[in-house]
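Peer 1: Kindly generate the corresponding structure for this input.
(one chain, ligands or ions: 1)
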Amino acid sequence: MHPIISVKQLGKQYASGHSALADINLDIHKGEIFALLGPNGAGKTTLISIICGIVNPSHGGVTVDGNDILTSYRASRSLIGLVPQELFTNTFETVWATVTFSRGLFGKPANPAYLEQLLRSLSLWEKKDSKIMALSGGMKRRVLIAKALAHEPKILFLDEPTAGVDVDLRRDMWNLVRKLREQGVTIILTTHYIEEAEEMADRIGVINKGRLILVENKHSLINKLGKKQLTLHLQTAISALPNGLDHYELELTDNGSQLVYTYDVHAQHTGIAELLKTLNDHQIDFKDLQSSQSSLEDIFVNLVREHA
Ligand SMILES: Nc1ncnc2c1ncn2[C@@H]1O[C@H](COP(=O)(O)OP(=O)(O)OP(=O)(O)O)[C@@H](O)[C@H]1O
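Peer 2: Have a look, this model is predicted:
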């Protein structure tokens, strides 16, 4: 199956001389939810802006469903809905006029029933006759989402969709994203809330300093790079680790009252039994133990640190 978005050797150097993107190669599959993660200034918005035709690339190219974004701009752009990061919607227009206009802009025939259902799904129907400038920030953001979806795009970009939004909007947004995915819409989002990517995304891309350092299926990423930790709550605090435990990745925490053992999830041999036996030999007793697996957030922080 050919990718719905294909990014090849893409680079961007701003007029300031700053290199925001270098050698980005990325295929987005039809119908997936792809989360693009990266620290501030990594190049996420630049990448999205190039694909959406807002920023010109310096090198390389992008096709959207086979359409080159430069030579077939209209065809590629009409397949895309973009919810930008910035709230710039501050007009005298009503909500209804705005979404109707947005739909018309892409040459789609009027479809009031679709727009009504869209506004209802975003809890905006009661506000359809309100002027946008009179809406709250959260409501304006809902309007941006409705605008992006007014022409029934096949691909939706969400740039930091949940930054600073309340719990209700976040929930509505993710319900909508799930529904869109069921309808076959491809979704690409950037977020700083990694638990959100962990919950929603099929694949994760990590971008750092303008380079795509990793693209991976979410589950295999967590499996591959995830570590497990076993925490032993000691009966009596110790000041140092006894000899003979040097080859274990051990750390004493909480003033010597906890011993944390980090091990590879996929190791044939975790070494736990041996560790417990050695502790027993040294008469180090524990009253409780718990194990935990590293989250996507831990993995992300480590990856970015490695590429610092
Ligand atoms: N118009 C511009 N002119 C010059 N430099 C720019 C311009 N837009 C962005 N940059 C720079 O390019 C780099 C990438 O910015 P970009 O907005 O793509 O990052 P981001 O990953 O989206 O960050 P954030 O998470 O903070 O939104 C940054 O160093 C930024 O300062």
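
Peer 1: Provide the partner residues of the spatially most central residue of the chain in its beta bridges.
Peer 2: Closest residue to the average C-alpha location of the chain: residue 35 at 3.2 Å, with C-alpha atoms, centre = their mean. Beta-bridge pairing for residue 35 (DSSP bridges): residue 189, residue 204.

Peer 1: before we move on, what about residue 262?
Peer 2: Beta-bridge partners recorded for residue 262 (DSSP bridges): residue 229.

Peer 1: what residues are up against it?
Peer 2: Listed by C-beta atoms under 8 Å, 6 or more residues apart in numbering, the contact partners of residue 262 are 227-229, 249, 251. For every residue, glycine as well, the C-beta is placed using N, CA and C.

Peer 1: Try it again at 10 Å.
Peer 2: 227-231, 248-251, 294 (C-beta atoms under 10 Å, 6 or more residues apart in numbering).

Peer 1: For PyMOL, what selects the buried ones among these?
Peer 2: Burial among the contacts of residue 262 is assessed by 16 or more other C-beta atoms under 10 Å; the matching PyMOL selection reads:
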select buried, resi 227+228+229+230+231+248+294
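
Peer 1: Okay, and which of the contacts of residue 262 map to strands?
Peer 2: Secondary structure from DSSP state E places 227-231, 250-251 of the contacts of residue 262 in strands.

Peer 1: Of those residues, which is the nearest to residue 106?
Peer 2: residue 227 (47.0 Å; C-beta to C-beta).

Peer 1: Wait, that closest one touches residue 263, no?
Peer 2: Yes - Residue 227 lies in contact with residue 263 (C-beta atoms under 10 Å); the separation is 6.8 Å.

Peer 1: what touches both of the two?
Peer 2: Common neighbours of residue 227 and residue 263 (C-beta under 10 Å, 6+ apart) are residue 249.

Peer 1: And the contacts of stretch 101-121?
Peer 2: 74, 77-81, 93, 95-96, 99-100, 124-128, 142-143, 145-153, 172, 175-176, 179-180.

Peer 1: in that stretch, what's buried?
Peer 2: Under the neighbour-count criterion of 16+ other C-beta under 10 Å, stretch 101-121 has 102-103, 106, 114-115, 118-119, 121 buried.

Peer 1: so of the residues you listed, which ones are in helices?
Peer 2: Counted as lying in helices by DSSP state H, out of these, are 102-103, 114-115, 118-119, 121.

Peer 1: so which of the residues you listed are also by the ligand?
Peer 2: Intersecting these with the surroundings of the ligand, defined as C-beta under 6 Å from any ligand atom, gives nothing.

Peer 1: What is the nearest of those to residue 199?
Peer 2: residue 121 (19.7 Å).

Peer 1: close enough to count as contact, residue 135 and residue 128?
Peer 2: No - applying C-beta under 10 Å as the test, residue 135 and residue 128 come out as separate, 11.2 Å apart.

Peer 1: and for the two, which residues touch both?
Peer 2: Contacts common to residue 135 and residue 128, judged by C-beta under 10 Å, 6+ apart, are residue 95.

Peer 1: which residues does residue 50 contact?
Peer 2: 7, 10-12, 20-21, 24, 43, 56-58, 60-62, 69-70.

Peer 1: mind listing which of those are in strands?
Peer 2: 7, 10-12, 20-21, 24, 60-62.

Peer 1: Name the nearest of those residues relative to the ligand.
Peer 2: Nearest to the ligand among these: residue 20, at 3.5 Å, using C-beta to the nearest ligand atom.

Peer 1: Tell me how many other residues crowd the closest one.
Peer 2: Neighbourhood size, residue 20 [other C-beta atoms under 10 Å]: 22.

Peer 1: you'd agree it is up against residue 59?
Peer 2: No - the pair residue 20 / residue 59 is not scored as a contact, 12.0 Å apart, by C-beta under 10 Å.

Peer 1: what residues are shared contacts of the two?
Peer 2: Residues touching both residue 20 and residue 59 by C-beta under 10 Å, 6+ apart: 11-13.

Peer 1: can you tell me which residues contact residue 183?
Peer 2: Contacts of residue 183 (C-beta under 10 Å, 6+ apart): 31, 152, 154.

Peer 1: got TSV for those residues, with distance to the ligand and secondary structure too?
Peer 2: Below are the contacts of residue 183 laid out as TSV (distance: C-beta to the nearest ligand atom, whole Å; DSSP: H, G, I helix; E, B strand; the rest coil):
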residue	distance to the ligand	secondary structure
31	25	coil
152	27	coil
154	23	coil
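
Peer 1: among these, which ones are buried?
Peer 2: Using 16+ other C-beta under 10 Å as the burial test, the contacts of residue 183 include 31, 152, 154 as buried.
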